[in-house]
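Trainee: Return atomic coordinates for the entry below.
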Amino acid sequence: MRRAADTGTGAPEANRVPGVLVVTGTGTEVGKTVTTAAVAATALAAGRSVAVLKPAQTGVLAEERGDADEVVWLAGGVTAVELARYPEPLAPATAARRSGLAPVRPGAVAEAAEKLATDHDLVLVEGAGGLLVRFDERGGTLADAAALLGAPVLLVASAGLGTLNATELTARELRSRGLRLTGVVVGSWPAEPDLASRCNLCDFPVVAGAPLVGAIPAGAGARSPADFRAQAPGWLGPELGGTWDGRSFTEREAS
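Mentor: Numbering: from 1, shown residues only. This next block holds a predicted model:
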């Protein structure tokens with residue numbers, strides 16, 4: 001049974017469509033898919049039903065495994081839905097135009113997420129690249145879809161130098177649209193973090209205006225599915241249903 005006012009991640013929300021969490025990043029290759037899989041695995045371990053929606057998959061051929069498929073591989077029993085796939089590794093609007101295929105519209109993303117939310121406790125909508133990457137020639141974005149859903153947003157950030165600017169800009173854009181930022185997850189925390197990475201742990205909550213809610217170990221996506229599922233709750237904070245202690249992690253790693 002779905003909880004009518006629950007995101008499925010452990011934190012009640014006043015969403016227009018309850019149970020939806022939008023996952024975006026500060027850019028490409030920051031660990032969005034692995035983070036999405038970790039959130040999904042954590043929710044599944046708590047006995048919740050989970051769906052992952054990938055509005056636009058780019059840079060992947062028809063026979064190849066996309067991001068939603070990767071989430072299923074790592075997390076397990078997840079319903080995976082992909083609205084569009086384009087072969088070239090470009091922004092969705094550009095990839096759609098060059099391929100001659102129809103673009104994805106924010107309204108279609110919201111409609112698909114709302115449909116999935118009728119029979120899943122948690123629907124994870126994973127974007128492509130950053131928050132304002134364009135889906136179509138009209139300038140529709142993941143932010144527009146989140147606004148239509150009234151859904152909170154989880155921001156996945158890179159660990160090192162240069163990440164604070166992108167984190168703050170994304171957080172400001174979300175606030176300007178009246179969207180709630182659940183928190184920041186470091187999508188790939190290095191085994192031997194450099195000075196910038198260590199300092200950024202203290203700075204993320206300041207620039208984002210939201211808590212640090214997780215840190216995924218570098219290389220987590222290469223682990224066996226069984227190991228990934230067992231470890232995932234320990235990489236995420238209580239806001240996402242996990243057991244990760246952000247204060248202790250920051251004190252230990254930032255020193």
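
Trainee: Quick one: mean pLDDT for stretch 240-254?
Mentor: The average pLDDT within stretch 240-254 is 96.

Trainee: Need the residues that contact that stretch.
Mentor: Contact with stretch 240-254 is made by 8-11, 39, 42-43, 46, 154, 182-183, 185, 189, 193, 198-199, 201-202, 211-215, 232-237, as judged by C-beta atoms under 8 Å, 6 or more residues apart in numbering. (C-beta placed from N, C-alpha, C; glycine too.)

Trainee: Quick one: end-to-end distance for that stretch.
Mentor: 22 Å (C-alpha to C-alpha, to the nearest Å).

Trainee: coming back round to it: just the buried ones out of the contacts of stretch 240-254, please.
Mentor: Among the contacts of stretch 240-254, the ones that count as buried by 16 or more other C-beta atoms under 10 Å are 8-11, 39, 42-43, 46, 154, 182-183, 185, 189, 193, 198, 201, 211-215, 232-233, 235-237.

Trainee: Among those, which ones are in helices?
Mentor: Of the buried ones among the contacts of stretch 240-254, the ones assigned to helices by DSSP state H are V39, T42, A43, R198, L201.

Trainee: can you count the residues close to S176?
Mentor: By the criterion of other C-beta atoms under 10 Å, S176 has 9 neighbours.

Trainee: Please determine how far it is located from L131.
Mentor: Computed as C-beta to C-beta, to the nearest Å, the S176 to L131 distance reads 11 Å.

Trainee: Identify each buried residue in stretch 20-38, please.
Mentor: Buried positions in stretch 20-38, judged by neighbour count with 16+ other C-beta under 10 Å: 20-27, 30-38.

Trainee: what number of residues lie near the spatially closest residue to V133 that is not a sequence neighbour?
Mentor: Once flanking residues are discounted, V133 sits nearest to A91: 5.1 Å by C-beta to C-beta, 6 or more residues apart in numbering. For A91, the count of nearby residues is 19 (other C-beta under 10 Å).

Trainee: show me where pLDDT drops low in the protein?
Mentor: The model of the chain has pLDDT under 70 over residues 1-15.

Trainee: So which residues of it form strands?
Mentor: Using DSSP state E, the strands of the chain run over 20-25, 50-58, 78-86, 122-130, 153-157, 181-189, 212-217.

Trainee: Which strands border the third one, and is each parallel or antiparallel?
Mentor: By that I understand strand 78-86. strand 50-58 (parallel) (DSSP bridges).
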